[in-house]
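Peer 1: dropping a prediction and its sequence here:
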Amino acid sequence: MDTAAPRDDDAPCPCGRGGSFGALTFARCCGRWTGPGAPPAPDAESLMRSRYSAYVRGDVAHVSATWDPLTRPAGPDLDGGPTWLGLQVLDAGDDGVEQGRPVAHVEFVATYRGSDGRVHRMHERSRFTRRGERWFYVDGEVT
């Protein structure tokens with residue numbers, strides 16, 4: 001898979017948290033929430049950023065493990081996907097409680113290079129739910 005960011009854990013995190021001049025390394029940013037035995041992301045925005053980083057890095061295991069079991073597709077496929085170029089979080093917040101579980105949203109724009117070689121923007125408002133200590137991606141509305 002072609003990626004937009006190095007796989008090095010000391011490279012700037014693909015999610016861009018901290019900005020270009022103060023960007024955190026992957027290990028100190030999204031890397032904290034990925035991999036076996038990693039603690040859960042503390043909020044929906046951190047989870048969404050770690051999922052974006054997982055898409056950039058081709059980490060299918062993290063994408064799948066953080067997708068709500070009720071809406072998760074059978075084996076998300078990241079091979080042959082777009083080359084992710086950048087992420088901008090526009091809004092994030094808690095949306096209360098639904099069916100006894102906390103829910104939240106994250107609105108973002110992700111920029112990517114498609115198979116046509118052109119740069120595109122994906123604007124999505126994602127929904128998240130928390131089960132126990134862990135946040136999960138439920139679905140999103142792309143505009």
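Peer 2: Thanks, I have it.
Peer 1: show me where the chain has helices.
Peer 2: 44-57, 60-65 (DSSP state H).
Peer 1: rank those by pLDDT, which is bottom?
Peer 2: Lowest mean pLDDT within these: helix 60-65, at a mean of 93.
Peer 1: send me that helix as CSV with only the CA atoms.
Peer 2: Only the C-alpha atoms of helix 60-65 are listed here, as CSV (Å, rounded to 0.1, in the frame of the first residue of the first chain):
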residue,chain,number,x,y,z
VAL,A,60,-6.1,-2.8,9.1
ALA,A,61,-6.2,-4.4,12.6
HIS,A,62,-6.7,-1.0,14.3
VAL,A,63,-9.3,0.2,11.8
SER,A,64,-11.3,-3.1,12.3
ALA,A,65,-10.8,-3.2,16.1
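Peer 1: buried set for that helix?
Peer 2: Using 16 or more other CB atoms under 10 Å as the test for burial, helix 60-65 gives Val60, His62, Val63, Ser64, Ala65. The way it works is simple: take the backbone N, C-alpha and C, and place the C-beta from them, glycine included.
Peer 1: wait, isn't the second one in contact with Tyr52?
Peer 2: The one in question is His62. No: applying CB atoms under 8 Å as the test, His62 and Tyr52 come out as separate, 10.6 Å apart.
Peer 1: hmm, back to that, to Gly35, which of the helices of the chain lies closest?
Peer 2: Gly35 lies closest to helix 60-65 among those, at 7.6 Å (CB to CB).
Peer 1: now the closest one, how far from the chain's geometric center?
Peer 2: Offset of helix 60-65 from its chain centre (CA atoms, centre = their mean, to the nearest Å): 10 Å.
Peer 1: what's it packed up against?
Peer 2: If contacts are counted by 3 or more CB pairs under 8 Å, 6 or more residues apart in numbering; DSSP states H and E, helix 60-65 sits against helix 44-57.
Peer 1: what packs against the helix it packs on?
Peer 2: Using 3+ CB pairs under 8 Å, 6+ apart, helix 44-57 sits against helix 60-65, strand 83-98, strand 101-113, strand 119-131, strand 134-142.
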